Each structure stands twice: as structure tokens, then as C-alpha cells.
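Chemist: Starting from these lines, generate the structure:
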Amino acid sequence: MKLIKNTLALAICSVIALPTFAAKFDVGSDTNLEIYGRADVSMQSSDDGLGGDSDGEGSFTEIKSNASRIGFKGDHKLNDDLKVVFKIEFQVDLDGDSEKGNSITDRNQYVGLKGGFGEVLLGINDTVLKQSQGKVDLFSDLEGDIKVLWKGENRMSDTLTYKSPKFNGFQLGLTYVAEDSAENSAEDGMSAAVFYGDKKLKKSNIYAAIAVDSEVKGYDTVRATIQGKVAGVTLGAIYHTQEKSTDGSNEMDGLMVSAKYSIGAATLKGQYQIADYDQDDVTKTGMTAGVDYKLAKNTKLYAFYTSFDMDSDVSNSDRDYLAAGIQYKF
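Modeler: Numbers count the residues shown, from 1 in each chain. Below you'll find the model as predicted:
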């Protein structure tokens, strides 16, 4: 672990010290390697319902690292029809709040083969259901992330993931989660999805997906996603259902809608999410509004306000967050 940390520190320093340094490398004629990352830090006023002062009430101020990361990815050509692909990505704590020794944690890390048959990956990976959200969650990795109210945002170890080639814009994805994963409650899990279009909406006008989880982290989940552009406004929606795999309890129906609109260097964003539980007649909602201001292609300033209403669920108090931050990608 010490060697990994030293290597990561050297890579980060190299990028910061040499801004003109190319992040992509040609390692021999058949191998490509890319070092990439994201530094994302915000200052925010937080009221998480638990209380931040000596009386256990009220809001508190914090500096927060929002899934900042560094990674290595690339491929090696084996022949004209086949190549090895890999990714090794780590989350890096930039606010100093993590426990000692846990400032670097694992994100997606895998190796596999890619060819005319599609792509097969082995290792730690997001399930295809999680991937199916595309770019509809406009506040992913921030306080308004859809994972606050919904299950299914799973990055699992011990996975095998397959993605087919695209046929007329459609693509099939499968994730198998081996029972060896303690996170999966010693049960084999399966995640399946059908994708259509381009999630960045650069190659198609519409992105859509339908995904299903079975026995993944103890839940069965169904999710339908759609996103497109109308009169310059990017609109998106996700319909979501979930229940416990063991007995079908804790049933929940959910809906999330989002919208963003760019004016020059600024992008206005907003989304609303609901989680309606059949049991106990509990409804939880979340609302986030924000703005991004692009300073350069790889750098932006942002601000957002997030509010969660947890209804009558006494185990979860209402939450409010007001933040401003900076994100730099390399």
C-alpha cells in the first residue's frame, strides 16, 4: 500500500508541476496508457439532521472532497481483432476527513478483453444498473446524488461484466456478482441492462436504458431512464422500483426528473427525486438546484442547494446543504 501511495503522489505532483505534460502515453507501438483524474472540493453549510454544534442541533460548515480521484487506464493490442483493456482508479481524500490510512480508497479497477464480440471485464466495477443512469443525475457525487434515497448505486467487487457491440444504437450489458463478495450477502447477484443512444448526447438526440438488479446487495431493483434535448434544454427522467430480495418487503416506487440549460459559460441545473414506500406510507423527497460556471474546458466553479424531506421516518431527519466549490479534471 505504501508503494501505491508513493506512486500516486508522484503522479499527482507530476501533473501539477508540469501543466503542459501530456496525460496520454504511447507505451510501445501496441500499448496505450492514460493518467487521468479529478479534483473536486466544496465549502458548504450542512444540516444533516444529526446536528453539528455542542447541543446536537443546527448546521455546521465543512470543506468536502467530492469523489476526487486519480486513475490509470489503457489498452494493449493483441491482434487486429482483440485487445486487453484495463482501468485502475482510486478515490483520493482532499479534505483530510478520512480516517488515518484511508485517504486512498478503491474505485473501479478491472482488466478484460475487447473485440468484435464486445467487452468482458473482471474486477471491481459499477453494476450495469448503476451505469444505466447515464448523465441524468446532474448532482452525482454531491449531496443531491440519487443514492441518498434509492438503492442500486452499487460498485461491487468480484464482478464479471459483459457489454455487447452496439446494434442500431442498442447495447446489452450484464454484470455477474460472485457470492464471494461479502457486500452481496453471500448470494450470487445479477444486473442486466439494455442501453440506447449516447449518454453524452453527442452522437444521438436521445439516451435511454432499462435495467434490472437481482440479489444485488440484498435488493431487487428495476430502473428505466431517458434523457434528451428540447429547445436547448436537456431533460431527463428515471423511474425506479426496489424491494428486498429475501421477502419482497420494503417496497418503494421512485421518480426523478432533471433539467439543465446553458447560457454562455453558465449552466443552470435542477432536479427533483421522490421515494414512495408502500410500508408505513412514508414518502421521502429531495430537491437540488445549482449552477456551474466554466472557467476552461477542464475547470469549473459551481454552487448548489440541496434539501431532503424525510416525511415521518423518525430514523432520518430532514437535511439541507448549501455549497460552493471547484472542479478540475486532468
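
Chemist: remind me which residues of this protein are low pLDDT?
Modeler: 1-28, 50-57, 99-101, 181-186, 312-316 (pLDDT under 70).

Chemist: Of all the strand elements in it, which one is longest?
Modeler: If you go by DSSP state E, the chain has its longest strand at strand 31-47.

Chemist: what are the C-alpha coordinates of it, in CSV please?
Modeler: Taking C-alpha atoms only, strand 31-47 is exported to CSV below (Å, rounded to 0.1, in the frame of the first residue of the first chain):
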residue,chain,number,x,y,z
THR,A,31,0.0,-0.2,-25.8
ASN,A,32,-1.7,3.0,-24.8
LEU,A,33,-1.7,4.4,-21.3
GLU,A,34,-3.6,7.4,-19.9
ILE,A,35,-3.3,9.0,-16.5
TYR,A,36,-6.4,11.0,-15.6
GLY,A,37,-8.1,12.4,-12.6
ARG,A,38,-10.5,14.9,-11.0
ALA,A,39,-10.0,17.2,-8.0
ASP,A,40,-13.4,18.3,-6.6
VAL,A,41,-13.7,20.2,-3.4
SER,A,42,-16.5,22.4,-2.0
MET,A,43,-17.1,24.6,1.1
GLN,A,44,-20.6,24.0,2.4
SER,A,45,-23.0,24.7,5.2
SER,A,46,-24.5,21.3,6.2
ASP,A,47,-27.5,20.4,8.3
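
Chemist: I'd like to check the angle between the helix or strand Lys77 falls within and strand 31-47, please.
Modeler: Secondary structure assignment for Lys77, by DSSP states H and E: strand 69-79. Comparing the axes of strand 69-79 and strand 31-47 via axes from the mean of the first three to the mean of the last three Cα atoms, to 10 degrees yields an angle of 160 degrees.

Chemist: Quick check: what element follows strand 69-79 along the chain?
Modeler: Counting by DSSP H and E, the next helix or strand C-terminal to strand 69-79 is strand 82-92.

Chemist: What lies in contact with that next one?
Modeler: The contact list for strand 82-92 (Cβ atoms under 8 Å, 6 or more residues apart in numbering) reads 4, 8, 12, 37, 65, 67-78, 103-115, 119, 121. Where C-beta positions appear, they are placed from N, C-alpha and C, glycine not excepted.

Chemist: strands paired with that strand, and their directions?
Modeler: strand 69-79 (antiparallel), strand 104-115 (antiparallel) (DSSP bridges).

Chemist: For the longest one, buried residues please.
Modeler: Just to be clear, that refers to strand 104-115. 104, 107-110, 112-114 (16 or more other Cβ atoms under 10 Å).

Chemist: gap between the two ends of stretch 74-84?
Modeler: 8 Å (Cα to Cα, to the nearest Å).

Chemist: How far off centre is that stretch?
Modeler: The chain centroid and the centroid of stretch 74-84 are separated by 27 Å under Cα atoms, centre = their mean, to the nearest Å.

Chemist: now stretch 151-170
Modeler: Remark: stretch 151-170 is offset 13 Å from the chain centroid, using Cα atoms, centre = their mean.

Chemist: and what of stretch 282-297?
Modeler: Counting by Cα atoms, centre = their mean, stretch 282-297 comes out at 14 Å from the chain centroid.

Chemist: what do you get for stretch 301-308?
Modeler: 17 Å.

Chemist: Go through that stretch and flag the buried ones.
Modeler: By neighbour count on 16+ other Cβ under 10 Å, the buried set for stretch 301-308 is 302, 304-308.

Chemist: what's the distance between the nearest residue to Val177 once chain neighbours are set aside and Leu174?
Modeler: Spatial nearest neighbour of Val177, chain neighbours left out: Gly189 (3.6 Å); criterion: Cβ to Cβ, 6 or more residues apart in numbering. As judged by Cβ to Cβ, to the nearest Å, Gly189 and Leu174 stand 11 Å apart.

Chemist: Which of these two has more residues huddled nearby?
Modeler: When Gly189 is set against Leu174 and neighbours are counted by other Cβ atoms under 10 Å, the residue ahead is Gly189, at 27 against 16.

Chemist: give the contact list for the more buried one.
Modeler: Residues in contact with Gly189 (Cβ under 8 Å, 6+ apart) are 156, 175-177, 181, 213-217.
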